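Q: Have a look at this fold, sequence not included:
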């Protein structure tokens, strides 16, 4: 079982969701951060519902395709599910409409759990109040032999990284300077110790940086 | 005439010279930051005085060789010359011994100018109190048709970048997380505007990121 993290960040280490609004829930910077990723064939199908086969098929696509392979359970923070904005709405079902791209059980970490939500495509959101270690134990049980992804947001990923719980960290670094948001690097001096670090530049200009437990 | 900046930074954007001491003047993190660069044939010769031809000859070397080509004058901050530590010593001649790697005129920006220092290999340090714009005008006059390098440190480079004075920024990004030091990115949100940004991964694992004025 591998615990993996995949994030889109800027050159300066930010995954910014500043300026979140109901119309633009991920904030003004988000589109630019994930543009190359969303242009891939896999992400077009899984996130945008485009089944035409359109989309890029280069190095970004290689990572996008890996994103969904072999993952048996996902962990995410309350903010990523939208509870910071929509926590008062008991009917909130996440940002993703009726076909969320996960298609597996997702543990949403929150101080105020609510009933699970199940979708026809296999996505089930469970809301749990747990430490990173305990959440990971539960996710591993669900995933069985398969991998567990810590999906985000950045501060949740950083907690799991700081606790030494992550086997593979993949960062898609967009060639832009955001200057604001949550930094993936904060408090992680020496993170490279115990990992092999490798990088690969995609046709889009995005650099894929991978920390693989050695 | 091109104004260029070349810096070695960590994944998290730092060029740290924390823990500077007389014995280890660049600080504890510096060696790890520049290890791949110092291993190149060009840097071994120019910085370490190794004329045996030893050193790496891959992608890092390509950038190292470019470093010295076509540069007619250099600008650096007082800290890079060592005045923060040695400013009280009127006989201080810099970190580099009697064969400084520059071999061209170097303008050292300082609030307290001192007499110029000339070396047999062509390096001349001039100490000037000037704004980035004025220092650049003086350096351009010296350089003539050749390029001007803003050598560092990071805060000086950032000033020139923020003022829109830099035509080419080259960053050698080492695959380490320093977590401390001066960040090259601070205050430079949107720096990519007006530049073409490209990246290339060296055999060493260093990623070379270039902002070229478009």
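A: Perfect, thanks for sending it. The structure displayed is predicted, hence computed values, not measured ones.

Q: quick one: low-confidence ranges for chain A?
A: A:17-26 (pLDDT under 70).

Q: Write out the residues of chain A neighbouring chain B.
A: A:11-13, A:175-180, A:183, A:185-192, A:197-201, A:205, A:207, A:209 (Cβ under 8 Å from any Cβ of the partner chain). Placement of C-beta: from N, CA and C, glycine included.

Q: So among those, which ones count as buried?
A: By the neighbour-count criterion of 16 or more other Cβ atoms under 10 Å in any protein chain shown, the residues of chain A next to chain B include these buried positions: A:11-13, A:175-179, A:183, A:185, A:188-189, A:191-192, A:197, A:199, A:201, A:205, A:207, A:209.

Q: ok, residue A:123 to residue A:76 distance?
A: As defined by Cβ to Cβ, to the nearest Å, residue A:123 lies at a distance of 12 Å from residue A:76.

Q: residue farthest from the centroid of chain A?
A: Farthest-out residue of chain A from its mean C-alpha position, per Cα atoms, centre = their mean: residue A:52, at 24.6 Å.

Q: for that one, helix, strand, or coil?
A: For residue A:52, the secondary-structure state derived from DSSP: H, G, I helix; E, B strand; the rest coil is coil.

Q: which of the residues in the helix ranked longest in chain A are buried?
A: Of all the elements of type helix in chain A, the one with the most residues (DSSP state H) is helix A:132-143. Of the residues in helix A:132-143, A:132, A:135, A:136, A:138, A:139, A:140, A:142, A:143 count as buried by neighbour count, 16+ other Cβ under 10 Å.

Q: Touching, the fourth one and residue A:131? I think so.
A: The reference is to residue A:138. No - between residue A:138 and residue A:131 no contact is recorded; they are 10.7 Å apart, counting by Cβ atoms under 8 Å.

Q: circling back to that earlier point, among the residues of chain A next to chain B, which are in helices?
A: Among those, no member lies in helices (by DSSP H).

Q: can you tell me which residues contact residue A:78?
A: A:84, A:87, A:108, A:109, A:110, A:111 (Cβ atoms under 8 Å, 6 or more residues apart in numbering or on different chains).

Q: ok so, going back, got any residues that touch both of residue A:123 and residue A:76?
A: With Cβ under 8 Å, 6+ apart applied, the overlap between the contact sets of residue A:123 and residue A:76 consists of residue A:106.

Q: gap between the two ends of stretch A:60-78?
A: 28 Å (Cα to Cα, to the nearest Å).

Q: Mind jotting down where the helices sit in chain A?
A: A:30-38, A:41-46, A:59-68, A:78-81, A:83-86, A:132-143, A:154-162.

Q: Any idea which of the ones you listed gets closest to residue B:213?
A: Distances from residue B:213 to each of these were compared using Cβ to Cβ; the minimum, 20.4 Å, belongs to helix A:30-38.

Q: Between helix A:59-68 and that closest one, find me the angle.
A: Direction vectors for helix A:30-38 and helix A:59-68, defined by axes from the mean of the first three to the mean of the last three Cα atoms, to 10 degrees, enclose an angle of 90 degrees.

Q: Please name every helix or strand in contact with helix A:30-38.
A: Packed against helix A:30-38 by the contact rule (3 or more Cβ pairs under 8 Å, 6 or more residues apart in numbering or on different chains; DSSP states H and E) you find strand A:3-10, helix A:59-68, strand A:168-174.

Q: One more pass at 10 Å, please.
A: For helix A:30-38, the elements it packs on are strand A:3-10, strand A:14-15, helix A:41-46, helix A:59-68, strand A:168-174, judged by 3 or more Cβ pairs under 10 Å, 6 or more residues apart in numbering or on different chains; DSSP states H and E.

Q: Quick one: residues in contact with the longest one.
A: I take that to be helix A:59-68. Helix A:59-68 is contacted from outside by A:4, A:6, A:35-47, A:55-57, A:101-104, A:149, A:151, A:168, A:170, A:172, A:200-208, A:210, using Cβ atoms under 10 Å, 6 or more residues apart in numbering or on different chains.

Q: one step back: include distance to residue B:26 when you put the helices of chain A into a markdown table, please.
A: What follows is the helices of chain A, written out as a markdown table (distance: least, Cβ to Cβ, whole Å):
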| stretch | distance to residue B:26 |
| --- | --- |
| helix A:30-38 | 34 |
| helix A:41-46 | 43 |
| helix A:59-68 | 35 |
| helix A:78-81 | 40 |
| helix A:83-86 | 43 |
| helix A:132-143 | 37 |
| helix A:154-162 | 28 |
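
Q: Out of the contacts of residue A:78, which end up buried?
A: Buried residues within the contacts of residue A:78, defined by neighbour count using 16+ other Cβ under 10 Å: A:87, A:108, A:109, A:110.

Q: farthest-separated two in the residues you listed?
A: For those, the farthest-apart pair by Cβ to Cβ is A:87 and A:109; their separation is 13.0 Å.

Q: who touches both of those two?
A: Going by Cβ under 10 Å, 6+ apart, residues that sit against residue A:87 and also against residue A:109 are A:78, A:79, A:81.

Q: and which of those is nearest to residue B:30?
A: Distance to residue B:30, by Cβ to Cβ, is smallest for residue A:79 among the shared contacts of residue A:87 and residue A:109, at 37.1 Å.
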